[in-house]
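J.: let's see this in three dimensions:
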Amino acid sequence: MNEADISRIVEMAWEDRTPFEAIEAQFGLNESAVIALMRQHMKPSSFRMWRKRMAGRATKHASRCSSITLRHRATHSRK
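T.: Numbering: from 1, shown residues only. Modelled structure (predicted):
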């Protein structure tokens, strides 16, 4: 995996509305693999902050929130 892919995965993981299933569909990484990648590529304090924020968040799982699509669209991209 190159740096651009890693950066994109980190960006998608920080997004509130991007479910882990979208990351898995695009990059083949399940939730535990995303957590491991985040732990490896972030400062420990940033990782702890991210995990606290993601804990129990229904929007990070498509099965818990029916209004989420499995496609991620960056806020700066064209619609």
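J.: where along the protein do the helices fall?
T.: 3-14, 20-27, 31-41, 44-54 (DSSP state H).
J.: so the third one versus helix 3-14, what angle?
T.: Calculated by axes from the mean of the first three to the mean of the last three C-alpha atoms, to 10 degrees, helix 31-41 forms an angle of 110 degrees with helix 3-14.
J.: and helix 31-41, what does it pack against?
T.: Applying 3 or more C-beta pairs under 8 Å, 6 or more residues apart in numbering; DSSP states H and E, we find helix 31-41 packed against helix 3-14, helix 20-27, helix 44-54. Placement of C-beta: from N, CA and C, glycine included.
J.: nearest to Leu37, out of these?
T.: Smallest distance to Leu37 across the helices and strands packed on helix 31-41 (C-beta to C-beta): 6.1 Å, for helix 3-14.
J.: for that closest one, C-alpha coordinates in CSV please.
T.: Output of helix 3-14 as CSV, limited to C-alpha atoms (Å, rounded to 0.1, in the frame of the first residue of the first chain):
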residue,chain,number,x,y,z
GLU,A,3,1.4,6.6,1.0
ALA,A,4,-1.5,8.0,-1.0
ASP,A,5,-3.7,5.0,-0.2
ILE,A,6,-2.7,5.2,3.5
SER,A,7,-3.5,8.9,3.6
ARG,A,8,-6.9,8.3,1.9
ILE,A,9,-7.8,5.5,4.4
VAL,A,10,-6.9,7.8,7.3
GLU,A,11,-9.0,10.6,5.9
MET,A,12,-12.0,8.2,5.3
ALA,A,13,-11.6,6.8,8.9
TRP,A,14,-11.8,10.3,10.4
